[in-house]
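Trainee: Show me the folded form of this:
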Amino acid sequence: MGEKLEILEFKRRLNTNKDKFQNHLQYVCDLFSVNGDKYIKRYGYLGEEMVKTFIEMEKLKHKLNDLDYKCESLKSELLVDNNIDIKERIKDMVGRERILDELYSGGFLSSDLWEIIKTFFWNERNTVKYDLPKWK
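Mentor: Modelled structure (predicted):
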């Protein structure tokens, strides 16, 4: 598939900076009559090292994201491992909507599950039924 877009963008910016460096270096070398070839080579070596470091950094970012996801999934694993049915457990509790919102904000419920349970509680609420008189 090739390199990732972030790496290609980094290399593009690095080449742009290298071109600017060469232009500025050439101006100074012409101004003071010195040879700057070794500095261009050193810049190239440093650029290669920067690309390697950037690739390592991207790998570490992905690893960190994976670990963060695993930490967040521990919350739902707690509910699944202990066979906790949230709807059944909180349906008779006082302030069940607040409890449901707290579980959602704590990351124990997905937005879909939160919406389903919230809708269930809304549909099961006590409603007053009015009997209107029958007109003849």
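Trainee: Break the protein down into its structural domains.
Mentor: When the chain is parsed with automatic domain parsing, its domains come out as 1-73, 85-126.
Trainee: Helices along the chain, start to end?
Mentor: Counting by DSSP state H, the segments of the chain that form helices are 5-32, 37-81, 86-90, 96-105, 111-123.
Trainee: Go through the third one and flag the buried ones.
Mentor: In this case it means helix 86-90. For helix 86-90, a neighbour-count test (16 or more other CB atoms under 10 Å) marks 86, 90 as buried. (Each C-beta comes from the backbone N, C-alpha and C, glycine too.)
Trainee: how far is that helix from where the chain is centred?
Mentor: Offset of helix 86-90 from its chain centre (CA atoms, centre = their mean, to the nearest Å): 30 Å.
Trainee: In contact with the residue nearest in space to the middle of the chain, which residues are there?
Mentor: Nearest residue to the geometric centre of the chain (CA atoms, centre = their mean): residue 65, 7.3 Å. Shown in contact with residue 65 (CB atoms under 8 Å, 6 or more residues apart in numbering): no residues.
Trainee: if I look at residue 87, how far off is residue 76?
Mentor: According to CB to CB, to the nearest Å, residue 87 and residue 76 sit 15 Å apart.
Trainee: swap that for residue 135, sorry
Mentor: Distance from residue 135 to residue 76, by CB to CB: 55 Å.
Trainee: quick revisit: in a markdown table: the helices of the chain, plus mean pLDDT.
Mentor: Listed next are the helices of the chain as a markdown table, based on pLDDT from 0 to 100:
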| stretch | mean pLDDT |
| --- | --- |
| helix 5-32 | 95 |
| helix 37-81 | 95 |
| helix 86-90 | 91 |
| helix 96-105 | 93 |
| helix 111-123 | 92 |
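Trainee: Adding distance to residue 130 as columns, could you present these in CSV?
Mentor: Shown next, in CSV, are the helices of the chain (distance: least, CB to CB, whole Å):
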stretch, distance to residue 130
helix 5-32, 62
helix 37-81, 40
helix 86-90, 29
helix 96-105, 25
helix 111-123, 19
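Trainee: Residue 129: which of those helices is closest?
Mentor: helix 111-123 (14.7 Å; CB to CB).
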